[in-house]
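Novice: Give me coordinates for this.
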Amino acid sequence: MKNLTLHVQCRGWVSLCLRILCVLRLASCCLPTAAQNLNATGNLSFGTFVATSAGTVAVAPDGSRAQTGGAFVLDQGGLAAAAQFSVHGKANATYAITLPADNTVAMSDGKGHSMTVKAFTSNLSGLNILSKNGNGQFNIGATLNVAASQARGSYTGTFAVIVNYQ
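Specialist: Numbering: from 1, shown residues only. I've put the predicted structure just below:
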């Protein structure tokens with residue numbers, strides 16, 4: 001099992017910000033004989049936003065951002081981005097990824113305030129094939145649940161992404 005950790009820090013004067021730590025694990029039960037590498041090449045960031053009432057901020061695998069309810073995204077401060085990962089291994093090897101279940105990831109500011117993350121998505125579906133050079137890439141987005149009276153600040157948490165080689 002291989003663990004990688006990433007972090008992003010957002011800062012904003014009146015905005016809610018999020019720092020996400022991503023933990024990735026390679027499933028050891030299904031590794032082919034060739035060495036496998038998983039590298040984080042970009043961090044998941046919800047960017048800067050303000051909340052006037054309950055709502056959500058979503059980042060899609062392509063990096064686009066959407067808002068619902070009383071959460072309003074701002075174009076200043078931290079930029080929104082999907083998490084990006086590269087996979088390297090045996091040419092033409094197949095793999096699948098497993099993302100966290102809804103509301104199992106909690107973000108905390110360390111001061112007793114929290115938010116949950118749901119609807120993790122990727123730009124992959126089902127089994128995927130590494131290139132003839134043994135390379136692959138995928139992006140991950142998610143949706144952040146923002147409460148009506150959410151305290152501003154930097155929130156942190158972790159989530160696991162499992163890569164299963166077939």
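
Novice: so how far is Phe72 from Ser154?
Specialist: Using CB to CB, to the nearest Å, we find Ser154 at a distance of 18 Å from Phe72. Where C-beta positions appear, they are placed from N, C-alpha and C, glycine not excepted.

Novice: same thing with Thr158?
Specialist: When distance is defined by CB to CB, Thr158 is 27 Å away from Phe72.

Novice: do the same with Tyr95
Specialist: Distance from Tyr95 to Phe72, by CB to CB: 38 Å.

Novice: just the CA coordinates of stretch 127-135, formatted as CSV?
Specialist: Output of stretch 127-135 as CSV, limited to C-alpha atoms (Å, rounded to 0.1, in the frame of the first residue of the first chain):
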residue,chain,number,x,y,z
LEU,A,127,-11.9,-0.2,-16.0
ASN,A,128,-9.3,2.0,-17.6
ILE,A,129,-6.2,1.1,-19.6
LEU,A,130,-2.7,2.5,-19.2
SER,A,131,-1.2,3.6,-22.5
LYS,A,132,1.4,1.6,-24.5
ASN,A,133,4.0,3.6,-22.5
GLY,A,134,2.3,2.6,-19.2
ASN,A,135,0.9,6.0,-18.4
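
Novice: I'd like the distance from it to the chain centre, please.
Specialist: How far stretch 127-135 lies from its chain's middle: 22 Å, per CA atoms, centre = their mean, to the nearest Å.

Novice: can you list contacts of it?
Specialist: Contact partners of stretch 127-135, identified using CB atoms under 8 Å, 6 or more residues apart in numbering, comprise 34, 86-97, 136, 138, 166.

Novice: Ser53 sits in which helix or strand?
Specialist: Ser53 is part of strand 48-59, with elements assigned from DSSP states H and E.

Novice: List the buried residues for that strand?
Specialist: Burial within strand 48-59, assessed by neighbour count using 16 or more other CB atoms under 10 Å, is assigned to Thr48, Phe49, Val50, Ala51, Gly55, Thr56, Val57, Ala58, Val59.

Novice: Quick check: bridge partners of the third one?
Specialist: Pointing back at Val50 there. On the basis of DSSP bridges, Val50 is bridged to Phe72.
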